[in-house]
Every structure is written in C-alpha cells, then in structure tokens.
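A.B. asks: Got a sequence here, can you build the structure:
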Amino acid sequence: MLQKREKVLLLRTFQGRTLRIVREHYLRPCVPCHSPLCPQPAACSHDGKLLSSDVTHYVIPDWKVVQDYLEILEFPELKGIIFMQTACQAVQHQRGRRQYNKLRNLLKDARHDCILFANEFQQCCYLPRERGESMEKWQTRSIYNAAVWYYHHCQDRMPIVMVTEDEEAIQQYGSETEGVFVITFKNYLDNFWPDLKAAHELCDSILQSRRERENESQESHGKEYPEHLPLEVLEAGIKSGRYIQGILNVNKHRAQIEAFVRLQGASSKDSDLVSDILIHGMKARNRSIHGDVVVVELLPKNEWKGRTVALCENDCDDKASGESPSEPMPTGRVVGILQKNWRDYVVTFPSKEEVQSQGKNAQKILVTPWDYRIPKIRISTQQAETLQVDFRVVVRIDSWESTSVYPNGHFVRVLGRIGDLEGEIATILVENSISVIPFSEAQMCEMPVNTPESPWKVSPEEEQKRKDLRKSHLVFSIDPKGCEDVDDTLSVRTLNNGNLELGVHIADVTHFVAPNSYIDIEARTRYAVSIMWELDKASYEIKKVWYGRTIIRSAYKLFYEAAQELLDGNLSVVDDIPEFKDLDEKSRQAKLEELVWAIGKLTDIARHVRAKRDGCGALELEGVEVCVQLDDKKNIHDLIPKQPLEVHETVAECMILANHWVAKKIWESFPHQALLRQHPPPHQEFFSELRECAKAKGFFIDTRSNKTLADSLDNANDPHDPIVNRLLRSMATQAMSNALYFSTGSCAEEEFHHYGLALDKYTHFTSPIRRYSDIVVHRLLMAAISKDKKMEIKGNLFSNKDLEELCRHINNRNQAAQHSQKQSTELFQCMYFKDKDPATEERCISDGVIYSIRTNGVLLFIPRFGIKGAAYLKNKDGLVISCGPDSCSEWKPGSLQRFQNKITSTTTDGESVTFHLFDHVTVRISIQASRCHSDTIRLEIISNKPYKIPNTELIHQSSPLLKSELVKEVTKSVEEAQLAQEVKVNIIQEEYQEYRQTKGRSLYTLLEEIRDLALLDVSNNYGI
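C.D. replies: So this is what the prediction gives:
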C-alpha cells in the first residue's frame, strides 16, 4: 500500500526570488534492492543487473563521497557498490548535468558491479527533514538509515561499509549498528584496497583539491575551480596593474604543489616585483597548464608562501616533505588564461589492474602524461584494453571545465613500446613538438642533383658573379670526428703588404633556397658567403672587411683532435689526414708546413680576439659534454667526457667574430628589420646560490657586471681541486637569462647587447644548414651588399612585425631543441647504466662532488659521466645516513641538521657525519625505472671519502682547465660555447670520408628540421 507524503522544495529564480513548491511523494513497501541475498525477490521485482554474489561486503557511499570520488568509484575493481537515491540527487542538483550523466552511465554499465537503490521511495528508509536540519546532515542521516535497512533486509548476511567524509557521522554512527561500518573513504581504500595504486594516487589528488576548495573563501557553486574572468576584465586589470601577465612554469619535482609565473611584456616592466610569482596548489593554478600564458592576481602578503627546499622524488611530489619552506615570496592565483599552449602529450595508460571504464561502447581512461608537469588526462577510446600493455600513446586535451578535476582529451596515436629506444626517442620529439615528417615530392624536386653519374658543378654564370678563392686561398674545415655536414670553413694568408687576411666561409645556403620555395635548405661548401678581414700584421687590429659571395675548394677536412696535434707540434697525426695519403714526400712536407702555419696563425689571432672581448667582460662558463661511444653492434660501450682543446676556442672565436661583424652590417643597412641575438643581464637574485657557494671556499663573486663576474670567476681557483672552479662556472651558467632572437625594430639599441659575449651586436650567421635564423641573416647580408652596390634587392625582406613574429617562433623552437637534447642525453645515460648491476659493476661506482645542500640531502656532480643529481641523506623510512670508521654508509635512526654550507647527520646512538660543499664522496649510480615517465639516474652516497679512480679510467678524467680551454664549442656550431650546455650527447657515427654532399637520410633530417623551423640548436637554455 502506498503512503502519501508531501515534499517541499525551495527553488531560486533567475530574478533572485524564492519559490516554495509542494510535491506529492509516494512511499512503497517494496522497491528493487538488486541484491542476490534478497529474501523476497518476487516482491522486490528485480529488473536489470544484480550485485555480484562473490563480494565480501557492500559499499554505500555518502552523498559527498559520490560527488568527490566518483572517478575512483568508477574503478572496476571496486564491487558491490550501492548508490542511494539521495546521493544521486545531490550530484544532480549540486554538480550539474555532466557529472550526473557520468553517474547514470556508470549505473547502466553492466561491467560495473553497482546499483541504484531508491531509498526515498521505500517506506522504512524515507526520513523527513527535521526543522532546522541542514540539507547535508539530512542527506547523510537518510543514507545511513537506508544502509541499516538494507543490511537487515539481506538478513544480516552481508556486512555494509558506509563511506563518508562527515567526521560527526563517523562518531555518531560508527558503532551504532553491528554489521554496518562507517568510515572515511581514504580509510576504506587503505584497508580494503591497499594495492590499488591508481586509486590511491587519485584519492590523494582529490583530497588535496578538496582541501583547497574548502579553504576557498567564496562559494564554489559545485565547481572544482573558479570560472576564469572575461577577456575584457583581464586586459583592463593588466593595464591598471591589478593583474599580472606571465607564463606558467610548473615545478616537475612538485607538480601538484608548486608552479611559478615569470613576468612578461608590460607586466615585467611596470611591476615592482623582482622575482617570479609562486602559484601554490592546483586550485590556485585554476586549470592552467604548464606553458600557458596566464593572468595572475597577487594574494595579500600574509598569504604568501615559500618554495620548498627539500629534495623530492617526482613520483611522490604531492606528498611533499613536511620540510620547512624557504622565505615567503610573492604568491598569487590564476584568474584567467590568455593563451592555452596545449600540444600533443605522450601518456601511458593504466595497467589492466588499474583501469577504470565507463559507458557501454567506450572506455573512460585516466592516463598519466610522460611529463610530470602535465596533469592526468581523462580520455575516451575503444582501444583501452590494447593500449594498457606498456605502450607510449599520444593524446590531446580538448577541454578543462571548471566542474572537472582533470582535463578531458582524446587518443591520437601509438608511439611505441615503453623502454624501446625508437619509442623513447619518438617520445622526446613529440614532447618537444619536433616534426620529422618526410619530404614531399615537390621539395625533393628542388634539390640539386649530385650523383656519381651526374655530379654537381659550378655554373659559368655563378663564376662570373662570385670571387673565386679556389686557387688563391688555403681553405679548410675543423669539425668533430664523424661530422658529415661541413658548412663552415676557415682561411688565413699573408697579403702582399705584409698584413694578414682572415677568412670565414659559410655555405651559401640561400643560393639553393629561394624565398618561399618548397625546400628550406640545401647547400654544400663550394658556393660560399665569405667575410674576409685585413688584419695588422703585428697587432691583429682589423683594417678593413669584405663581405660577398665566393667559390671555394676546401683543401682539408680536419677533425679537432688532429688539428690540436698539429698545433702542439705532433706531426705524426698527418697519417690520419686523408688528403696527405697520396702525396709524394716533397709535396707532403710543403703542404704540411703550410697547414701547420695556418692553424698556428689562426690560433694566435683567436687569442688576441678573445683577449679583447675578455677586456670587455666576456664570460667563460662551464658545461660538460659527454660522448656516447658505440661498439660494433651499436650498443652503448661507454660515456666519455669530451676533452677541452684550445682549437675549439680557435674556431669558436672566428665564428663569433663573423657573427658580430655580420650583425653590425645588417643593422647598419636595415636598422628596423635586422635579425639579431640579444642576451639580457641575469637577475641578481639568481646569483645568490653562486655567491654563497663561493663564500664557503673563501671566494668573493662580484656579480655587478659581466666584467666583474668574469674576473671573480677567474680568481676563484682552488689549487687543490679544479672541480671547484668548474662547478662555480656551472652555477653562473644556471643563473643566466636565455639569449633570444629579436627584430631590431622592436627594441631600443641599448637592449641589443650580448651579456655573455660582451658584444654590442651579435647574430647567427655561421650555421645555415641547421638554423633558419642564419638563412634569414644570409638574405639580409646579401640585401645589404646589394644596397651598397645600389643594386636591386632580390626578394622581399621581412617587415619588422613579421620578423618579430618569426623570432618568437624560432625562439620557441630553439628552446624545444635544447630540451630534447637534454632529454636525449639523459636517455642514453640511463640506457648505459640500465643493464648494469650497481652492486657488482665497477663502473657504477664513481667520485661525486657536492655542489648544493638541501634540507634532506645534497646535489652531486659526477665528473666521470657528466651527471648531476640528488642524493638523499634521509630515506623514505625516516632513517638517516651514517658513516662508520671504515667510511662506508648505512641507514640508521636519527636526524639531519642543515647549515648554510654543510649538513650534519646524527644517529640516535650519537654517531655523526658532516658533508660540506665541494666535498668529494663515493657514489653508487643506479637506474630508477618508471612505467609512465622516463627512467632517471639514482645517486647514493656509499662513502664519505673520495673514490679512488682505477688506473684504467684515468684517461677519461679531464685535465685542469686552462683559461684558453674554457670556451666549450664541441659541436659544429662552435660559436655557441660561451654559455656552455649542461650535457651533450654526441653519438659517434661511421665516418663518411668522401668530401661532398651528405648522402642518405642524415641531411634530409636536417633539411626537414629547418623547413619546419624545428631547429636543433645545440646551445643550452642559456646558449648564446
């Protein structure tokens, strides 16, 4: 028999008025319970699915749990779930149609062991709301009452666990009814599903989001995030100074907690802020993703927070340290996004044990991006079951609504299997948006023909237009071993008047690449664009300069090591130079003397040029290049630090000189549309760690100018440990601002200066084969020459506006190339150590130098392999490192005490060990594998004493660095060495001895990179 009740609803209209609506509500003695334990199945009239009979308990989530943890309740591993009508209606009214439809689809999906129980229509379950009772308390009371009825309805044969976030309800109902347990959802997961890692990670993330939501002062109206402000409000706020514009940069080590916004545009000039703005927590980030251009509102100073200074592993960043943060810094929250820089993301699907599904025809999957800085993405795909088996997959983000914890996206394609070399390299390329699409047929048709049957030749027309240097100049190249694409050569000779002529000859790429043609680049060093200076024979002062197109023939293709041997007087290396092999003894001796003189004279000139820049404050910064040595089967045989050679600096100085003079020339001719490269002075606060570290060794680093910095670094030499100076220079490198391409029409002339090179104007001219910027500069130089000759300028030059946009794109691609280079280095380093047993393999033990102190560990530099990384002094179990009388380390209970330049570990039994800055320790190197992310190097201090290097490894250790050796250009683009890269992998390839155009795919790849402006600029983040 039905019982009639009246249900009163209070609804608010759009005009703000409150309407009182009374509805009839009928209660029934029997409603479907959908349980196989039902004692009256006929009366319950079960339609649709039943709960599983093989569960140990039923789970009834409170209304709040359904709202906050629906994504976890979707996990197919969670069975026997009973959704009460009261909870479902709460979702419908408070979370909107999107969330409610997700819940309805979950209930309909036969693959999920969950049902809906209409408790508000069951006579014994329905409870009227009491006067003065809040809606939330009534909903919880109704759900608990229905849970008790359901337990008794099943004749007390199935325990019921009600999960709620209401602490009062847990205390009130927790022990009220035997067989009905009331606990938190987190407690439920910990006790019943301890191994369901994905659920725990998602729960932790939701808990954090909810805590932030609860701390939000304004009402959220059922949204996970505040709505973004309209564009016109953002623009007005930026103009008035209320809001600040910048680019969001997420800390990959604490991606759930820390992000920073670096000011840009007008914000950086008008604001009084001198540091980045901290964005603390996902709520304050407000759905912005790493790389987005965001608008930030500063919080009151009493709400500012400090960045955490403890070491933290990537995979546990959201469970941070509990360590004290640093001094409070400007802190804000994102109020809008001006530009969403979403891209393709490489992700990994959850394993079969972790997967969650939704819907009948599609699966909703929460995938984990390879990049720690990107939040998990929920995608829908039919291929979920297939892709759960260890594949790297590309997805795209479609939207991120304010009602969603995670962004929504869709599946794009499969890259390859996890751990496979090609798949991992493809991952790096996708993550940096570097395209490797094959050439089109139209592009290939533009390529000049150069085959054995039809070799490329100089055309008679070009011979008439160009200065022919083939017979008058000794031209040669100096490049790394295995280099195939030679685009820069050098010459030096004595003129009839006794002065010297220095020449830099760069491949004339623009001859082969017409503006707006299909192909972007194809050239070889026969046609060249040359710069030749007449130098005073004694002082090497520049008397005059000549720019123009030439025809050259390179006499020698030298590699750096051979050139250095000739410079040092070791003439036996001539046997390794192919061009000398077929000469008779007389010719051989004459040509050798000529070449040795040229290399020596070039080096002498370079020393004088460098000394002049040094006087203006040019910096010599430190980087490490590690070559990957392959065996016959192309397996990684060894990682070998590159030996610095003076000839590196010789070539570098010639290239820097050419770039500088071309920059002056194109600016003089086109003052408002020349492409130059600027390097702004770094922010002084970025030097604080450098100054403190130097102070620990008794050195003072003056950072007021590039000149004072250079002099200070020169004086900061420890005669007992050359590594100290290398690390200080490396810290100076880290403090540098990024060098950027720009259009001269967009900046005042005083902003043209290059801080690192101490030059008033600088550009990139010397590597057109691999950099599109150099092609633009070549065209500008040719136009400047035509202008001087009062000739018609062929082709249209970029306007200032167009050039500014192009520079913005090239800067972006340049940064992507730097990131991909660094990630490739780390990939090969991990591959080298991956198959080695750190407990038995001698090469896994190495000397390490402490270069930074944290609250729970230290940062180490491993000179042998060019590795930098963290070593913990306190492990996850809370134990601290201890070193006994034999200096070997072990973990014991105790505590750490951090000082400015040292950290002390003290055990509970009184043993203590102190680690100072620049201490040498013995380190064990191993690999920390990750299914969803890249593998990482793991460093462990096994002794507080330096590692004794076996004699067999002494050959790999770098000798103390002389000043002339500190300019590190160890790639073809030698001019970029002044702000040296962190690490560079140079895979030694088989030499292609024939001196002509590159064969095979190597050049095509370079051409493609240039065509898409995806330029593999090998400079690091602070590259020149």
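
A.B. asks: drop to CA atoms for contacts and neighbour counts, all remaining ones
C.D. replies: Noted.

A.B. asks: From Ala598, how far off is Pro480?
C.D. replies: In this view, Pro480 and Ala598 are 19 Å apart by CA to CA, to the nearest Å.

A.B. asks: For the two, work out which one has more neighbours and name it.
C.D. replies: Set Pro480 next to Ala598 and count neighbours by other CA atoms under 10 Å: Ala598 wins out with 21 against 17.

A.B. asks: Which strand or helix spans that one?
C.D. replies: Assigned by DSSP states H and E, Ala598 belongs to helix 585-615.

A.B. asks: Could you verify my assumption that Ile810 touches Val776?
C.D. replies: No. Using CA atoms under 8 Å, Ile810 is not in contact with Val776, being 11.2 Å away.

A.B. asks: picking that back up, please provide the alpha-carbon coordinates for the helix or strand that the helix holding Ala598 is followed by, formatted as CSV.
C.D. replies: Following helix 585-615 in sequence order, the next helix or strand is strand 626-630 (DSSP H and E). Extracted in CSV, the C-alpha atoms of strand 626-630 (Å, rounded to 0.1, in the frame of the first residue of the first chain):
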residue,chain,number,x,y,z
VAL,A,626,79.7,13.5,-22.8
CYS,A,627,80.2,11.5,-25.9
VAL,A,628,78.3,8.2,-26.3
GLN,A,629,80.8,5.6,-27.6
LEU,A,630,79.1,2.8,-29.5
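
A.B. asks: Could you list the buried residues of the helix holding Ala598?
C.D. replies: Buried residues in helix 585-615, defined by neighbour count with 16 or more other CA atoms under 10 Å: 588, 592, 595-603, 605-607, 609-610, 613-614.

A.B. asks: what about Glu303, neighbour count?
C.D. replies: Glu303 is flanked by 12 other residues according to other CA under 10 Å.

A.B. asks: One more: Pro194?
C.D. replies: Each residue near Pro194 was counted by other CA under 10 Å, and the total is 12.

A.B. asks: Is it correct that it falls within a helix?
C.D. replies: No. Per DSSP: H, G, I helix; E, B strand; the rest coil, Pro194 lies outside any helix segment and is coil.

A.B. asks: any idea how far it is from Ile365?
C.D. replies: According to CA to CA, Pro194 stands 21 Å off from Ile365.

A.B. asks: Could you do Asp774 as well?
C.D. replies: Asp774 is 45 Å from Ile365, by CA to CA.

A.B. asks: ok, the two, which is more surrounded?
C.D. replies: Ile365 (26 against 21).

A.B. asks: beta partners of the more buried one?
C.D. replies: Assessed by DSSP bridges, Ile365 has beta-bridge partners Ile379.

A.B. asks: all strands in the stretch 751-900 of the chain, in order from the N-terminus.
C.D. replies: 845-853, 857-862, 867-872, 879-883, 889-898 (DSSP state E, counting those that start in this stretch).

A.B. asks: looking at the ones you listed, which is closest to Ile552?
C.D. replies: In terms of CA to CA, the element of these nearest to Ile552 is strand 867-872, at 42.0 Å.

A.B. asks: Packing partners of the closest one?
C.D. replies: Packing partners of strand 867-872 (3 or more CA pairs under 8 Å, 6 or more residues apart in numbering; DSSP states H and E): strand 857-862, strand 936-943.

A.B. asks: want to throw these into a markdown table with distance to Asp576?
C.D. replies: What follows is the helices and strands packed on strand 867-872, written out as a markdown table (distance: least, CA to CA, whole Å):
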| stretch | distance to Asp576 |
| --- | --- |
| strand 857-862 | 33 |
| strand 936-943 | 38 |
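
A.B. asks: Indicate which one of those is closest to Asp582.
C.D. replies: Among those, the nearest to Asp582 by CA to CA is strand 857-862 (45.0 Å).

A.B. asks: Residues contacting the closest one, please?
C.D. replies: Defining contact as CA atoms under 8 Å, 6 or more residues apart in numbering, one finds that strand 857-862 is touched by 310-311, 846-853, 867-874.

A.B. asks: partners of it, with directions?
C.D. replies: strand 845-853 (antiparallel), strand 867-872 (antiparallel).

A.B. asks: Pick the most deeply packed of those.
C.D. replies: Ranked by mean neighbour count, these are led by strand 845-853 with a mean of 23 (mean count of other CA atoms under 10 Å).

A.B. asks: tilt between it and strand 889-898?
C.D. replies: When axes from the mean of the first three to the mean of the last three CA atoms, to 10 degrees is applied, the directions of strand 845-853 and strand 889-898 differ by 10 degrees.

A.B. asks: ok, back up a step: what about the helices and strands packed on strand 867-872, which gets the closest to Ile279?
C.D. replies: Nearest of the helices and strands packed on strand 867-872 to Ile279, taken as CA to CA: strand 857-862 at 24.9 Å.

A.B. asks: buried stuff in the closest one?
C.D. replies: Buried positions in strand 857-862, judged by neighbour count with 16+ other CA under 10 Å: 857-862.

A.B. asks: what mean pLDDT does that strand have?
C.D. replies: Averaged over strand 857-862, pLDDT sits at 93.

A.B. asks: can you check stretch 463-482 too?
C.D. replies: 90.

A.B. asks: List the buried residues of that stretch.
C.D. replies: Neighbour counts using 16+ other CA under 10 Å place 466-468, 473-481 of stretch 463-482 among the buried residues.

A.B. asks: Distance from it to the middle of the chain?
C.D. replies: Centroid separation for stretch 463-482 versus its chain: 40 Å, with CA atoms, centre = their mean, to the nearest Å.

A.B. asks: re the thing from before, including distance to Trp533, could the buried residues of stretch 463-482 go into a markdown table?
C.D. replies: Below are those laid out as a markdown table (distance: CA to CA, whole Å):
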| residue | distance to Trp533 |
| --- | --- |
| Arg466 | 17 |
| Lys467 | 15 |
| Asp468 | 17 |
| His473 | 14 |
| Leu474 | 15 |
| Val475 | 15 |
| Phe476 | 17 |
| Ser477 | 18 |
| Ile478 | 20 |
| Asp479 | 22 |
| Pro480 | 26 |
| Lys481 | 29 |
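
A.B. asks: Just give the number of residues close to Ser240.
C.D. replies: 10.

A.B. asks: what about it, distance to Val233?
C.D. replies: From Ser240 to Val233 the distance is 10 Å (CA to CA).

A.B. asks: If we ignore the residues flanking it in sequence, what's nearest Val609?
C.D. replies: Excluding its sequence neighbours, the residue lying closest to Val609 (CA to CA, 6 or more residues apart in numbering) is Glu653, at 7.0 Å.

A.B. asks: Also Val504?
C.D. replies: Of all residues not flanking Val504 in the chain, Leu490 sits nearest, at 4.8 Å (CA to CA, 6+ apart).

A.B. asks: quick check: mean pLDDT across whichever strand or helix holds that neighbour?
C.D. replies: For Leu490, the host element (DSSP H and E) is strand 488-494. Strand 488-494 shows a mean pLDDT of 94.

A.B. asks: Tell me the buried residues in it?
C.D. replies: Using 16+ other CA under 10 Å as the test for burial, strand 488-494 gives 488-493.

A.B. asks: partners of the helix or strand in which Gly548 is found in the sheet?
C.D. replies: Element membership for Gly548, per DSSP H and E: strand 542-551. If you go by DSSP bridges, strand 542-551 pairs up with strand 467-468 (parallel), strand 527-535 (antiparallel).

A.B. asks: Excluding residues flanking it in the chain, which one is nearest Asp508?
C.D. replies: Ala528 (4.4 Å).

A.B. asks: just the strands in the stretch 151-300 of the chain please.
C.D. replies: Under DSSP E, counting those that start in this stretch, the stretch 151-300 of the chain gives strands at 160-163, 180-183, 243-250, 258-263, 277-280, 293-298.

A.B. asks: now for these, which one comes closest to Asn432?
C.D. replies: Comparing the strands of the stretch 151-300 of the chain by CA to CA, strand 243-250 comes nearest, at 15.2 Å.

A.B. asks: quick one: contacts of that closest one?
C.D. replies: 234, 237-238, 258-265, 267, 288-298, 373.

A.B. asks: can you give me how far it is from the chain middle?
C.D. replies: The answer for strand 243-250 is 17 Å, by CA atoms, centre = their mean.

A.B. asks: No further questions, thank you.
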